[in-house]
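Trainee: need the 3D shape of this:
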Amino acid sequence: MNENNSNIYDLVIVGGGVAALSSALYSGRYKMSTIMFTDSFGGVTSTAHTIWNYPGFLEVTGMDLISKMVEQVNNLEIPIKYEKVMDIKKQDDFFIVNTDQETVKARKVLLAIGKKKRTLNIENEEKYLGKGVHYCATCDGAFYKDKIVGVIGGSDAAVTAALLLSEIAKKVYLIYRGSQLRAEPMWLDSLFKQENVEVVYNSEIKELIGSEKLEKIKLKDDNEMVLDGIFIEIGHVPNTELLDKLSIKLDDHGEIIVDKAQRTNIEGVFAAGDCTNHTELKQIVTSTSQGAIASYHMFLDLKSEK
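Mentor: Numbers count the residues shown, from 1 in each chain. Here you go, the predicted model:
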């Protein structure tokens, strides 16, 4: 669509998850000159061990799904660059996007920056990171073959992490602060069939104990559990580093406020995926739809601006 200046893109996509890839796919089909920047390839989806609820697949891993989407985007010759976006500034009718390696100019910007894992925010959590404290069972579970581990949380992510680890570890404790797990019934059916998984209800971690690595945890009732490692799955918080500089409006949960076209309060800036307030249902299928919706409306806007 960009016929006037090869140095100016129609669209810069910030993010590397399914919302970003879906937007890239649609913008490519609309012949919008597009470039994509990410410093976290695949987003949360890439860490999913098994996906059972994405249309067209009986079962697929997160990384396999991401790889197929990347292949589609590559076929449209849209560049995907592994660079961290440091700053975005509005300049007249354009946006100046600065990464840690280059500067580009664009007519539209899509923020598909997702969310980052929520931490326990307790002492020694950072000290034992990678030394008994983990946030991704798919990435690090293999290190705990025939060992004893804990999973912290009670949602789908926590339950699926416990299921994956039950195939690797000798014993898995699922530690949840509530009295009832919040995961989908099908995941719970699978969980309760695992003989080496034990759910510890109404419990929270109070302290992480060890020397060079994690050795045990102390719960809020002062009981201690000897564990080789823990996997923290207590949700996500929005990535907001870029948003303050753009004066993007957020809701009370820190999510980007968008309309039904995925527009933010800044003209020319759209947002899609888990970083937005578009829906409470944070799923792959909803994120991909938002990426498509955003590209459709950016395409219409660019046509009307010619």
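Trainee: run the chain-centre distance for the helix or strand containing residue 27.
Mentor: In this assignment (DSSP states H and E), residue 27 forms part of helix 18-29. How far helix 18-29 lies from its chain's middle: 16 Å, per C-alpha atoms, centre = their mean, to the nearest Å.
Trainee: what's the weakest-modelled helix or strand in the chain?
Mentor: helix 243-246 (a mean of 82; mean pLDDT, DSSP states H and E).
Trainee: and after that one, which helix or strand comes next?
Mentor: Helix 243-246 is succeeded, C-terminally, by strand 269-271 (DSSP H and E).
Trainee: same for the helix or strand that that following strand is followed by, what does it pack against?
Mentor: Toward the C-terminus, strand 269-271 is succeeded by helix 284-305 as the next helix or strand (DSSP H and E). Helix 284-305 is packed against strand 8-14, helix 18-29, strand 103-111, strand 269-271, with contacts defined by 3 or more C-beta pairs under 8 Å, 6 or more residues apart in numbering; DSSP states H and E. Yep, even glycine has a C-beta here, placed from its N, CA and C like the rest.
Trainee: ok, which of these comes nearest residue 117?
Mentor: helix 18-29 (17.2 Å; C-beta to C-beta).
Trainee: who touches the closest one?
Mentor: Contacts with helix 18-29, where a contact means C-beta atoms under 8 Å, 6 or more residues apart in numbering, come from 10-11, 13-14, 34, 36, 38, 43, 45, 65-66, 69-70, 72-73, 76-78, 80, 110, 112, 114, 272-274, 284, 287-292, 294-296, 298-299.
Trainee: so for it, what's the average pLDDT?
Mentor: Confidence for helix 18-29, expressed as mean pLDDT, is 98.
Trainee: what angle sits between that helix and strand 103-111?
Mentor: 120 degrees (axes from the mean of the first three to the mean of the last three C-alpha atoms, to 10 degrees).
Trainee: give the buried residues for helix 18-29.
Mentor: 18, 19, 20, 21, 22, 23, 24, 25, 26, 27, 28 (16 or more other C-beta atoms under 10 Å).
Trainee: looking at those residues, spot the one nearest residue 59.
Mentor: Looking across the buried residues of helix 18-29 and measuring by C-beta to C-beta, the closest to residue 59 is residue 18, at 17.0 Å.
Trainee: and the host helix or strand of residue 90, which strands flank it?
Mentor: Using DSSP H and E, residue 90 falls within strand 85-91. Partners of strand 85-91 in the sheet, by DSSP bridges, are strand 94-99 (antiparallel).
Trainee: name the residues of the partner strand that are buried.
Mentor: 94, 95, 97, 99.
Trainee: next structured bit after the helix holding residue 27?
Mentor: Downstream of helix 18-29 (by DSSP H and E), the next one is strand 34-37.
Trainee: CSV for the helices and strands packed on helix 284-305, including distance to residue 58?
Mentor: Listed next are the helices and strands packed on helix 284-305 as CSV, based on distance: least, C-beta to C-beta, whole Å:
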stretch, distance to residue 58
strand 8-14, 30
helix 18-29, 19
strand 103-111, 31
strand 269-271, 32
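Trainee: residue 194: which of these is closest?
Mentor: Taking those one by one with C-beta to C-beta, helix 18-29 is closest: 28.7 Å.
Trainee: the domain parsing of the protein - what is it?
Mentor: 8-116+237-305, 119-232 (automatic domain parsing).
Trainee: give me whichever of these is most buried.
Mentor: Most buried of the domains of the chain by mean neighbour count (mean count of other C-beta atoms under 10 Å) is domain 8-116+237-305; its value is a mean of 19.
Trainee: end-to-end on that domain?
Mentor: 15 Å (C-alpha to C-alpha, to the nearest Å).
Trainee: then residue 70 would be within a helix, right?
Mentor: Yes: assigned with DSSP: H, G, I helix; E, B strand; the rest coil, residue 70 falls within a helix.
Trainee: and it, how far is that from residue 82?
Mentor: 12 Å (C-beta to C-beta, to the nearest Å).
Trainee: could you do residue 107 as well?
Mentor: Distance from residue 107 to residue 82, by C-beta to C-beta: 23 Å.
Trainee: same question, residue 243
Mentor: Distance from residue 243 to residue 82, by C-beta to C-beta: 22 Å.
Trainee: check residue 102 too.
Mentor: 12 Å.
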